[in-house]
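**Student:** Predicted model, plus sequence, below.
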Amino acid sequence: MNFKAVIFDLDGTLLDSLKDLADTLNYVLGDNGYPTHDIDQFRYLVGYGMNELVRRALPPDLQNQRELLERLMQEMLARYAVTWKNNTRPYPGIDELLDWLDTTSIKKGVLSNKSDKFTKLCVETLLSRWKFDCVTGHHPGINHKPDPQGALLMAKEMKIDPAEILYVGDSNVDMLTANAAGMLPLGVLWGFRTKEELLESGAKLLVEKPQAIISILSANNTQSITP
Ligand SMILES: O=C(O)COP(=O)(O)O
């Protein structure tokens, strides 16, 4: 396959954002008298968007209390607006991968279940060295992943057939999204979830390091690499 674009998930794939999300929500939970969680538990809470993150972090008997959820969500958003880049950084090797992509004609996009505002803020601030062809987070009018709507809209915007897009992510949500959109799902093992989860949800390729994506793309895309 001659890939013409790569769509990246954000949290757990390009950026290690776990600690800032965990610290911020734990502060809000603790401040309101609710139990907090170990950072590793957040690996399974993050990935479905921030509303779901807040809901799933609450004790089960409170998860359907709409007013409470809305209030905690507002507190989370206000605090995350200050804390979002305290510790959040690209994973090791991401700079090399994005630098390499810049030497090719392969387009690149970011698709996240994070809100569109925070997705763009993260990309424009923490990945400012690179130009992305498309950056989309969750916003009204678009369904959360694993609905393929966002991925298909990006393919349309980039004018690329979904079958020619490599979709890179770290969770079941991402693998399901890629399969539903007809893109090739590549699971990364440096993110929040396990190899087993990625395989069960349809990963066709797995990589341990970002450099392995360079090898996969160069083996498949010789003609698109600028000499
Ligand atoms: O749910 C989140 O906020 C993280 O979303 P992402 O993994 O799709 O970037």
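**Tutor:** Great, that's in hand.
**Student:** Can stretch 154-169 be said to contact the ligand?
**Tutor:** No - Stretch 154-169 does not reach the ligand (CB under 6 Å from any ligand atom); its nearest approach is 7.1 Å. Where C-beta positions appear, they are placed from N, C-alpha and C, glycine not excepted.
**Student:** For that stretch, measure first residue to last.
**Tutor:** Using CA to CA, to the nearest Å, one end of stretch 154-169 lies 15 Å from the other.
**Student:** The one helix or strand residue 168 maps to packs against which elements?
**Tutor:** Here residue 168 sits within strand 165-169, counting by DSSP states H and E. Judged by 3 or more CB pairs under 8 Å, 6 or more residues apart in numbering; DSSP states H and E, strand 165-169 is in contact with strand 5-8, helix 149-158, helix 172-181, strand 184-188, helix 210-220.
**Student:** Let's have the ones you listed in CSV, adding mean neighbour count and mean pLDDT.
**Tutor:** Compiled in CSV, the helices and strands packed on strand 165-169 are given as follows (neighbours: other CB atoms under 10 Å; pLDDT from 0 to 100):
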stretch, mean neighbour count, mean pLDDT
strand 5-8, 27, 98
helix 149-158, 19, 98
helix 172-181, 24, 98
strand 184-188, 25, 98
helix 210-220, 16, 94
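**Student:** tell me, which helix in the protein spans the most residues?
**Tutor:** Assignment by DSSP state H gives helix 66-83 as the longest helix of the chain.
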